[in-house]
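**Q** Quick one, fold the following:
(3 chains)
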Amino acid sequence: MKNFKEKLSGRVFLTLALFSILALAVITIFILVQGAPVIGKHGFAFIAGTSWSPGNGEFGILPMIIGSVAVTLGAAVIGVPIGICCAVFMAEFAPSLMRTIFRPAIQLLAGIPSVVYGFWGLLFVVPFISNHLGGLGLSILAGSVILSLMMLPTIISISEVSIIVLPSTYKDGALALGMTHWQTIRSVQLPAAKSGIVAAVILGLGRAVGETMAVIMVLGNATAIPSSVLEPVRTLTTNIGIEMGYAEGEHRQALFATGIILFVIIMILNISAQYITRNKSKSLKIK
Amino acid sequence: MEKYKIEIKNFNFYFGEKQVIYNLNLKVQANRILSVFGPANSGTTTLLRSLNRLCELNPELRYEGEILLDGKSIFDSRESVTQLRRRVGMVFEVPTPLPMSIYENVSYGLRLGQGKSKAAIMEAVELSLKQAALWEEVKERLDAPAMSLSGGQQQRLCVARVLALKPEVVLIDRACSGLDPISTAKIEESMSQLKKEYTIIISPHNVQQAIRVSDRAAFLLMGHLVEEGTNDEMFTNPQDKRTSDYVTGRFG
Amino acid sequence: MGKNISFFKGFVSLALTCASVITATSCSSGGNIENGGTKSHVVVAGSTSVQPYMEVLAEEYVKFYPDSAVDVQGGGSSAGISAVGSGIADIGMSSRSLSESEVELYQFTTIAKDGLALIVHPENPVDNLTLEQIRDIYTGEITDWSQVSDQFEGDIFPITREEGSGTRSFFEEFVMDGQRITSKAIVQSTNGTIRTLVSGNARGNKQAIGFISLGVLELPGQNPVKGLQIGGVAPTTENLANGSYELFRPFLVVVGEEREESTHFIDFILSDTGQGLLEARGLVRIDGG
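**A** Residues are numbered from 1 along each chain as shown, chains lettered A, B, ... in the order given. The predicted model follows:
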């Protein structure tokens, strides 16, 4: 009887796992099937075309690619330095009372739904930009600010762990040579934790690239290629979000094709993150 | 009378509530090798780490008493702790190569804020590596990552790194555990050369090593200093029964 | 060999269980229900411009006829019309006239007239623009307020609805005269968000211009916006009814085959009660009453 239970549970788990893979395969195939005809028909002009006007049969997504890149990079410029500094602070300087408060607080940041971020952005960030920097406020900058906040928990927690798991001998060795704490961090710990931190950043970027709800409210969604961070823009994700409800026929297929491009970008980001962390565990082995 | 490099007076040390070192009084002569030995958990490592104030990394540690270096207290808040650690260098039990090249490891202490010329640094690196008996093996590949060295070589690298700063005292904490006999021998050999210039305090990883290298020895048992004296006194003719029991291997 | 067979059996039975559960749950939701003295059920879908009005009508209808249920969904004029075609919806709502191909397939009835209002911030001194000026603003040819007014200067921020919106095609048809709305225009997806943007208090909001349904021009409890006169004619319901305001469009309902419940509801919309409701909310009734 026991043997039967063992086998049954094993089979059940296997079946459930297969279902998840099946779901992933179904979604992937669906997107590919729906989107491939457009890419086939327009080819390079799809990715390089600068004019998105489905009503006129134009499906160039270059402005959206630029939009995604600009907003994500902007988020990185803001979020990465802040995130790494926070991680260093938590790993090296914070008294343990502060740590017990900060850590859950940062996890809370991660738990806030993206639509709430968007709403907050619309109420505070957008008017702020409009009043103090110009434009309507709906802009790349607004999107970057919100996305940087959403990236922070990922960057901070993974970077912090990367620093904490460093052998204490690194720190001991450097300090015993008369290095100050800050010198030790700068010249030994950060370089040693580098691949973990890079992986954290890439994962954060991946999240930013896939974000839709938070940014759809603050980006302005214009289809032109922006010429400054104060101008409105559309990302690959918001393009789908804004038009999916109305799209039919080739328009709808073009949106799925946008999805394919997104898929590819995020896969590249995730694979790079895995590759970097895999390498890291090899090079730090002390013989 | 010989001048004492280090004097430890009435030193007590606590991990939180637990006392680790009890009322230690010890005088260390300059240019000699002193072994501080004893069974595990006797406080030998703690003592060494107190001498360069590395123990302060753990906020739960407390101490009472005095430690004087050349007559001045090392705990004096007017002295910078980083300065102290340049005068009192340490080699750890586990090799601690920094994640950089061999050359960068040895010159690490020299580069940061010292303002020395490249040539002067190169000279210092070469000298330190020779003193650590490593120069011949690495002179062709100073740019190779320190991680590519064997354990014994890494340990000697750490010694070179410390020596490059021209400290006055070198602390060696069980520096040869896990090393093969040849590497161990090389390190022990360099120690006897080094004592001409430096004061060396080691925590040997076994009694035999203490016998081989030290001039004087101190036996620490569960945080208490049982006995100290010259090599001969301690190992051939100890006063205290506990010392002789430990030295002869009756307990460990 | 035995292992493989029993695994296969287990998998198949698990899959069958899941399949039957899914089928059972999907059978009971939505769709048409057999009418045997039980509730009548009408599904209405389509233009988000018509939707708020339809919801009010539906609510009122159910009060009169408690045995009925009316579901109102959005999705856009085009989506609503095709939903009728595919049978998902009983009635489609449209805020634009039907295309030639659509006219052949469906029957439509006009239930009201709506106007399109161009709106700016109340503090914007501009009161009046010509259709050409508006067109030039939206093509990107006019970029600064000083080009249409000597009392105001600053970048113009045109706001439009998304492609596929009935309101947008209304605008394109009546104002753009075949030219494209500039790709630099901000795109928002409802009347409400455009209104919010144009009425906002930040500096940039005061330089924005957008278009919304005339019916939501005056909304109690919302920040006020200013409706621009087009060629001197103000966007009021009077001007819409008497034909002097150019930007007007019909609200239509579209049906496929005849269904008693749908017809009953449409009759209600066209009745005095229904039309009165629409009029109270800023539309122009079609019964002339």
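**Q** So, low pLDDT: which residues of the stretch 151-289 of chain C?
**A** Applying pLDDT under 70 to the stretch 151-289 of chain C flags the ranges C:282, C:288-289.
**Q** now do 50
**A** Scanning the stretch 151-289 of chain C for pLDDT under 50 picks out C:289.
**Q** Over to the closest residue to chain B within it. Which of the three states is it?
**A** In the stretch 151-289 of chain C, the residue found nearest to chain B is C:A202; the distance is 48.8 Å by C-beta to the nearest C-beta. Using the backbone N, CA and C atoms, a C-beta is placed for each residue, glycine as well. Secondary structure, DSSP: H, G, I helix; E, B strand; the rest coil: C:A202 is coil.
**Q** I'd say it and A:S130 touch.
**A** Yes - counting by C-beta atoms under 8 Å, C:A202 does reach A:S130; the two are 3.7 Å apart.
**Q** and whichever residue of chain C sits closest to chain A, which of the three is it?
**A** Closest to chain A within chain C is C:G164: 2.8 Å, counting by C-beta to the nearest C-beta. Three-state call for C:G164 (three-state DSSP): coil.
**Q** Who's the closest spatial neighbour of it, skipping the chain neighbours?
**A** Among residues not flanking C:G164 along the chain, A:Y246 sits closest, at 2.8 Å (C-beta to C-beta, 6 or more residues apart in numbering or on different chains).
**Q** Pull the contacting residues for that neighbour.
**A** Neighbour list for A:Y246: C:G75, C:G76, C:S78, C:A79, C:E162, C:E163, C:G164, C:S165 [criterion: C-beta atoms under 8 Å, 6 or more residues apart in numbering or on different chains].
**Q** Which pLDDT value belongs to it?
**A** pLDDT recorded at A:Y246 is 72.
**Q** In terms of helices and strands, where is it?
**A** Remark: A:Y246 resides in no helix or strand, with elements defined by DSSP states H and E.
**Q** elements contacting the helix or strand A:V80 falls within?
**A** In this structure, A:V80 sits in helix A:62-88 according to DSSP H and E. Judged by 3 or more C-beta pairs under 8 Å, 6 or more residues apart in numbering or on different chains; DSSP states H and E, helix A:62-88 is in contact with helix A:44-48, helix A:140-164, helix A:194-210, helix A:236-243, helix A:249-283.
**Q** Kindly reformat these as CSV and extend each row with mean pLDDT.
**A** Formatted as CSV, the helices and strands packed on helix A:62-88 follow (pLDDT from 0 to 100):
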stretch, mean pLDDT
helix A:44-48, 85
helix A:140-164, 92
helix A:194-210, 88
helix A:236-243, 91
helix A:249-283, 81
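**Q** Around chain A, pick out the residues from chain B.
**A** Contacts of chain B with chain A, taken as C-beta under 8 Å from any C-beta of the partner chain, map to B:52, B:54, B:57, B:82-86, B:89-90, B:92, B:94-100, B:108-109, B:112, B:147, B:149-151, B:154, B:158, B:161-162, B:165.
**Q** if I pick residue 157, what's in contact with it?
**A** Unless you meant another one, I'm taking chain A. Counting by C-beta under 8 Å, 6+ apart, A:S157 touches A:A87, A:R103, A:I106, A:Q107, A:A200.
**Q** looking at chain C here, not the other one
**A** Neighbour list for C:F157: A:G135, A:L136, C:I186, C:G204, C:Q207, C:A208, C:I209 [criterion: C-beta under 8 Å, 6+ apart].
**Q** what's the helix or strand for the closest residue in space to C:D287 that isn't next to it in sequence?
**A** Of all residues not flanking C:D287 in the chain, C:Q275 sits nearest, at 5.4 Å (C-beta to C-beta, 6+ apart). Counting by DSSP H and E, the element that carries C:Q275 is helix C:272-280.
**Q** Which strands and helices lie in contact with that helix?
**A** helix C:51-64, strand C:107-120, helix C:260-270.
**Q** quick one, what contacts the residue of the stretch 151-289 of chain C closest to chain B?
**A** Contacts for C:A202 (C-beta under 8 Å, 6+ apart) come out as A:V126, A:P127, A:F128, A:S130, A:N131, A:G137.
**Q** tell me the two of those that are most distant?
**A** Across those, the longest distance by C-beta to C-beta is 9.7 Å; it joins A:V126 and A:N131.
**Q** The helix holding A:V80: what's the following helix or strand?
**A** Proceeding N to C from helix A:62-88, the next assigned helix or strand is helix A:96-111, under DSSP H and E.
**Q** That next one: how far from the chain's middle?
**A** With C-alpha atoms, centre = their mean, to the nearest Å as the basis, helix A:96-111 stands 20 Å off its chain's centre.
**Q** that older thread, between the contacts of C:F157, which sits nearest A:E250?
**A** Minimum distance to A:E250 across the contacts of C:F157 is 25.2 Å, recorded for C:I186 (C-beta to C-beta).
**Q** which ones are touching that closest one?
**A** Residues A:L136, A:L138, A:G220, A:N221, A:A222, A:P232, C:F157, C:P158, C:I159, C:T160, C:L197, C:A208 are the ones in contact with C:I186 under the rule C-beta under 8 Å, 6+ apart.
**Q** most centrally placed residue in the chain?
**A** In the absence of a named chain, chain A is used. Nearest to the mean C-alpha position of chain A, by C-alpha atoms, centre = their mean, lies A:R207 at 2.2 Å.
**Q** was after chain C, sorry
**A** By C-alpha atoms, centre = their mean, chain C has its centre lying nearest to C:S49, at 2.0 Å.
**Q** ok, now which ones touch that residue?
**A** C:S49 makes contact with C:S77, C:S95, C:D114, C:S165, C:G166, C:T167, C:N191, C:S213, C:F251, according to C-beta under 8 Å, 6+ apart.
**Q** so is it in a helix, a strand, or just coil?
**A** With three-state DSSP as the basis, C:S49 sits in coil.
**Q** That one: what's its closest spatial neighbour, skipping adjacent residues?
**A** Residue nearest to C:S49 in three dimensions, not counting chain neighbours: C:S95, with 4.1 Å by C-beta to C-beta, 6+ apart.
**Q** How about A:T72?
**A** A:A208 (4.7 Å).
**Q** Would you mind measuring from that neighbour to A:V198?
**A** 15 Å (C-beta to C-beta, to the nearest Å).
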